[in-house]
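Peer 1: Prediction below, plus the sequence it came from.
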Amino acid sequence: MHASNVKYRLGKSYGFQILTYVLAFACVIPLLAILFFIIKAGITKINWHFLINVPKPVGESGGGIANALVGSILIIIVAAIIAIPIGILAGIYLSENRKSRLAYWCRLSTDILQGVPSIVIGIVAYFWLVKPLGKFSALSGSVALAIMMLPIVVRSTEETLKLLPDSLKEAALALGMPFHRVIFKVIVPVGISGILSGVMLSIARITGETAPLLFTAFGNPYLTTNVTQPMQSLPLLIFNYATSPYNDWHDLAWGASLILLLWVLFLNIFTKLITRKWKVQL
Amino acid sequence: MDTSVENGMITRSDLPLRVINSTPEAILKTKKRARRSFRQIRTENVFKRTLMIMGLVMVILVLGILLTLIVQSLPSIKSLGLKYLWSKVWDPVQDIYGAWPFLLGTLLSSFLALFISIPFSIAIAIFLGEYHPKGWLPDFLKNAVELIAAVPSVIYGFWGLAVLVPIVRNLESHIGVEPIGVGIFSSSLILAIMIIPYAASLGRSMITMVPSHLKEAAYGLGATRWEVIRSVVLPYTKSGLFAGILLSLGRALGETMAVTMVIGNTSLIPKSIFAPGNTMASVIANEFTEADKPVYLSALIELGLVLFLVTVVINLIGKKIIDRFTNE
Amino acid sequence: MESTIIKSRNFNASFGTNHVVKNVNIDIPRNHVIAVMGPSGCGKTTYLRCINRMHELIPGATCDGEMKLNDENIYEMHPIFVRLKIGMVFQRPNPFPNLSIYDNVIAGYKLNGVKLPKAERDRIVEHSLTRVALWNEVKDSLNKKGSFLSGGQQQRLCIARAVAMEPEVLLFDEPTSALDPISTSTVEELFHELKVNYTLIIVTHNMQQAARVSDKTAFFYMGELVEYDETKTMFTNPKDNRTQNYITGRFS
């Protein structure tokens, strides 16, 4: 090996390292651009009236996003009520039954569900709930979102419980504890941080979803808390108003975008904090 | 410490009496315990059955989705046949349905987005997996990448519409293309940003799994850092990286909102990358609530069915590759 | 009261097609310490786990034959009842990490939903911890979680937890193999005191431990119960060649 050959190879190696660093950090640029732009465009639009008023008809100023805020919260809460119990129980089932046939198909189904495009889930929810009941409703939107939450909750519950040592379960069983108590009084409490982070992650995921709500919750210019009625949600409002030709509505959309962004960010940071705090040393 | 034996019971004088089995109190206690335990056994069985039902729910859900899509697509399949998928004209007003513009739009935007994003995803994966696994700098990058995945797609769309589209319009006027701004190219750019995290995070975990003794063997022979990456790390993780790319592709194919907002929503076959168009997802989003004829609606659902099957297959292949890789 | 508390006749256990416990016949006398020893893979742990029906929790595990507790067939009772009467202490100390020391001792009651008055709970905790010579060491930190305890103390806590259920038999699966020598000797001292109120069956791969703590010893080899006798006799005058070879260290 000539010294010059080695120098060339080292130079090439160094060059690729620089290229890798540059490309890797280049991705931060569009992220920062988006964050800054949303903050800049939205911050001036937010005030107290913005938060407690509903949108006004075109041409009138002073509208707000109260209907979307309330709607988002309600739709998410109902979706969580549906998805969390089913998801956690299914996750427990999978972690307790590694090899059964049903567990194989269940795991496969969860993987499939995770990859289904959100608009397809919206279509299905339309035919399951909207068409039979004859109207759009927040409930149908919640069902669609619950379907999207399920794979995340199931997987994270299963993965968390799989990591727990068998000795924990054995100690409980050896004390004559019945199975359901072993699960709920010993296994779940020790694994609670993992399960909870899966739940929070799934909520953060559906908070920003629009497509499943397009033909289910549909949107509503008025504030309502009736889940059997169509309801507005933040992402839906942003979509509708951003693509409209009116500047007033664009302003509303910017303010709403900032709120949505902050909300999603907060959920993600909150998830990280609680999992760090509640990690139980085994 | 006296130990005494009385009536077959052994007791020690310095510890509280432990009565074995014979006094009325002890018998009652055992009876109470038995009653409690019978109740527990019944609950235990109910619980085990409930768990199994929940497992079944997931399977039924997926089957239900597939079934609904098929049933609702039947009218269109029956009357339009399979040539619907490559017919080139989409004109619902005249009752002419052809899916090719949307298939083409989907393929173009997704694959272009993939090609744009791959170098960046792989760079992130190599940086985090090989060059700099620990420290504040990679933590920052890791959080940034997670943030990219967390931003809702409708916000990407809105920003794309407000910021990216004018830039593209500017670019188009400079290169002599009709300066519309919206189109396949813009949607590919937005998609590219959105799908970076998927290949990046999977690639990173694959790269960290490369056994160090393989790398050490190469270093021991005098290889440079880059040569080790090129000849040991990348070949070892080839299939894992491919799986990551598949996952990114699956995400791109199914993305609706951001694409809808910047693609121009034209049902004509796009003549170039810069022309406006539609993807399967975006045409469903736009025209679903306006579909007034059964065949019209059914044709859209059929697109949904195709989307479902394609994304499911891609995701399953990706997951299978990952499973095989991690179990080797 | 009968002096034999556990009786096995023609007892077999398998993992699928792997026959690991072969035709075991043994009578375990009440209030004795029985050591079960043998080389790795001889089936001693499997046999132990059949006594409190933990063996069947493993998918594919089967067993047959007669196993009786006080003349009741263990395999005709519901496993929960069996485990209320036969407690187990495991190889690695496994106190529940999210419960305090106090709650760990009465975990068998609390987690089973049994509501006891506070006075009764306190009595059980103090009684059980005294039985394992841990009371004085932890009586001021009952509400703390057990993570600060040493390995030996954690293992004694697990024994207290099993004792609190007032079982008739205590099973020990290599209870000191994960402990340092000093903790090992404190646990071994307990066996002598515990046998006054319970019957102890201790699986150990440590011959010297078997010789130190037990009244009778059972020697398992390749799934069979080769020899079962008074410990003194077994170690000074074994009847079977295989026992002789094991004791003199020809295989371990």
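Peer 2: Looks like it arrived, so ask away. Predicted model only: the values in this text are computed from it and were never measured.

Peer 1: Can you tell me the SS state at C:Pro167?
Peer 2: Classification of C:Pro167 using DSSP: H, G, I helix; E, B strand; the rest coil returns coil.

Peer 1: How about the residues of chain C by chain B?
Peer 2: Within chain C, the positions adjacent to chain B are C:1, C:31, C:78, C:80-81, C:84, C:112-114, C:123, C:127, C:130-131, C:166, C:168, C:196-197 by C-beta under 8 Å from any C-beta of the partner chain. Glycine gets a C-beta too; all of them are placed from N, C-alpha and C.

Peer 1: distance of the residue of the stretch 151-300 of chain B found nearest chain A from chain C?
Peer 2: Nearest to chain A in the stretch 151-300 of chain B, going by C-beta to the nearest C-beta, is B:Pro152, at a distance of 2.5 Å. From B:Pro152 across to chain C, the span is 36 Å (C-beta to the nearest C-beta, to the nearest Å).

Peer 1: Next: B:Thr43.
Peer 2: 10 Å.

Peer 1: Am I right that that residue is in contact with A:Met177?
Peer 2: No: assessed by C-beta atoms under 8 Å, B:Thr43 is found out of contact with A:Met177, at 11.8 Å.

Peer 1: So between these two, which is more surrounded?
Peer 2: Ranked by neighbour count (other C-beta atoms under 10 Å in any protein chain shown), B:Thr43 and A:Met177 place A:Met177 first, with 25 against 15.

Peer 1: Assumed the more buried one was part of a helix.
Peer 2: No: read with three-state DSSP, A:Met177 is coil and lies in no helix.

Peer 1: tell me the contacts of it?
Peer 2: A:185-186, C:80, C:108, C:111-112 (C-beta atoms under 8 Å, 6 or more residues apart in numbering or on different chains).

Peer 1: Now name the helix or strand holding the residue nearest the centre of chain C.
Peer 2: Closest residue to the average C-alpha location of chain C: C:Leu171 at 1.6 Å, with C-alpha atoms, centre = their mean. Here C:Leu171 is covered by strand C:169-173, with elements defined by DSSP states H and E.

Peer 1: related to what we said a few turns ago, what subset of the contacts of A:Met177 is buried?
Peer 2: Neighbour counting with 16 or more other C-beta atoms under 10 Å in any protein chain shown marks A:185-186, C:80, C:108, C:111-112 as buried within those.

Peer 1: show me the residues around the closest residue to C:Glu168 other than its chain neighbours that make contact.
Peer 2: Spatially, and ignoring its direct neighbours in sequence, C:Glu168 is nearest to C:Lys85 (5.2 Å; C-beta to C-beta, 6 or more residues apart in numbering or on different chains). By C-beta under 8 Å, 6+ apart, C:Lys85 lies in contact with C:69, C:167-169.

Peer 1: Report how many residues lie close to B:Ala291.
Peer 2: The local packing of B:Ala291 (other C-beta under 10 Å) involves 16 other residues.

Peer 1: Now it: phi and psi?
Peer 2: Dihedral pair for B:Ala291: phi -70, psi 110, per degrees, to the nearest 10.

Peer 1: quick one: it and B:Leu297 touch, right?
Peer 2: Yes: taking C-beta under 8 Å as the definition, B:Ala291 is a contact partner of B:Leu297 at 4.0 Å.

Peer 1: who's in contact with stretch B:63-83?
Peer 2: A:113, A:116, A:120-121, A:123-124, A:127-128, B:84, B:87, B:97, B:294-295, B:297-299, B:301-302, B:304-305, B:308.

Peer 1: mind listing which of those residues are in strands?
Peer 2: Judged by DSSP state E, strands contain none of the contacts of stretch B:63-83.

Peer 1: Counting neighbours, what do you get for the residue in the stretch 101-250 of chain B that chain C sits nearest to?
Peer 2: Closest to chain C within the stretch 101-250 of chain B is B:Lys134: 26.9 Å, counting by C-beta to the nearest C-beta. Neighbourhood size, B:Lys134 [other C-beta under 10 Å]: 8.

Peer 1: can you give me phi and psi for it?
Peer 2: Here B:Lys134 shows phi and psi, under degrees, to the nearest 10, equal to phi -120, psi 150.

Peer 1: Model confidence at it, what's the number?
Peer 2: Looking at B:Lys134, its pLDDT is 85.

Peer 1: ok, now C:Thr4?
Peer 2: Looking at C:Thr4, its pLDDT is 89.

Peer 1: What segments of chain B are strands?
Peer 2: Ranges of strands in chain B, per DSSP E, are B:3-6, B:9-12.

Peer 1: of all of the stretch 101-250 of chain A, which residue lies closest to chain B?
Peer 2: Nearest to chain B, among the residues of the stretch 101-250 of chain A, is A:Gly208, at 2.5 Å (C-beta to the nearest C-beta).

Peer 1: Would you check how far apart that residue and A:Met177 are?
Peer 2: 42 Å (C-beta to C-beta, to the nearest Å).

Peer 1: one step back: any chance of the contacts of A:Met177 in a markdown table, plus pLDDT?
Peer 2: Output for these, formatted as a markdown table (pLDDT from 0 to 100):
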| residue | pLDDT |
| --- | --- |
| A:Lys185 | 88 |
| A:Val186 | 90 |
| C:Ile80 | 81 |
| C:Gly108 | 83 |
| C:Leu111 | 77 |
| C:Asn112 | 75 |
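
Peer 1: Need these in JSON lines (columns: secondary structure).
Peer 2: Formatted as JSON lines, the contacts of A:Met177 follow (three-state DSSP):
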{"residue": "A:Lys185", "secondary structure": "helix"}
{"residue": "A:Val186", "secondary structure": "helix"}
{"residue": "C:Ile80", "secondary structure": "helix"}
{"residue": "C:Gly108", "secondary structure": "helix"}
{"residue": "C:Leu111", "secondary structure": "coil"}
{"residue": "C:Asn112", "secondary structure": "coil"}
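
Peer 1: Dump those residues to a markdown table, plus distance to C:Asn245.
Peer 2: As requested, these are exported to a markdown table (distance: C-beta to C-beta, whole Å):
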| residue | distance to C:Asn245 |
| --- | --- |
| A:Lys185 | 48 |
| A:Val186 | 43 |
| C:Ile80 | 42 |
| C:Gly108 | 42 |
| C:Leu111 | 46 |
| C:Asn112 | 46 |
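
Peer 1: Now flag whichever of the residues you listed is closest to B:Ser272.
Peer 2: Using C-beta to C-beta, A:Val186 comes nearest to B:Ser272 of the contacts of A:Met177, at 63.1 Å.

Peer 1: Test my guess that the closest one contacts C:Leu111.
Peer 2: Yes: A:Val186 lies in contact with C:Leu111 (C-beta under 8 Å); the separation is 6.5 Å.

Peer 1: Identify the contacts common to these two.
Peer 2: A:172, A:177.

Peer 1: one step back: list the helices and strands the strand holding C:Leu171 packs on?
Peer 2: helix C:44-51, strand C:86-89, helix C:151-163, strand C:199-204 (3 or more C-beta pairs under 8 Å, 6 or more residues apart in numbering or on different chains; DSSP states H and E).

Peer 1: burial measure for A:Asn247, as a count.
Peer 2: For A:Asn247, the neighbour count with other C-beta under 10 Å is 9.

Peer 1: From A:Val58, how far off is it?
Peer 2: Distance from A:Asn247 to A:Val58, by C-beta to C-beta: 10 Å.

Peer 1: for B:Leu63, same thing?
Peer 2: 45 Å.

Peer 1: Likewise for B:Thr266?
Peer 2: With the distance defined as C-beta to C-beta, B:Thr266 ends up 26 Å from A:Val58.
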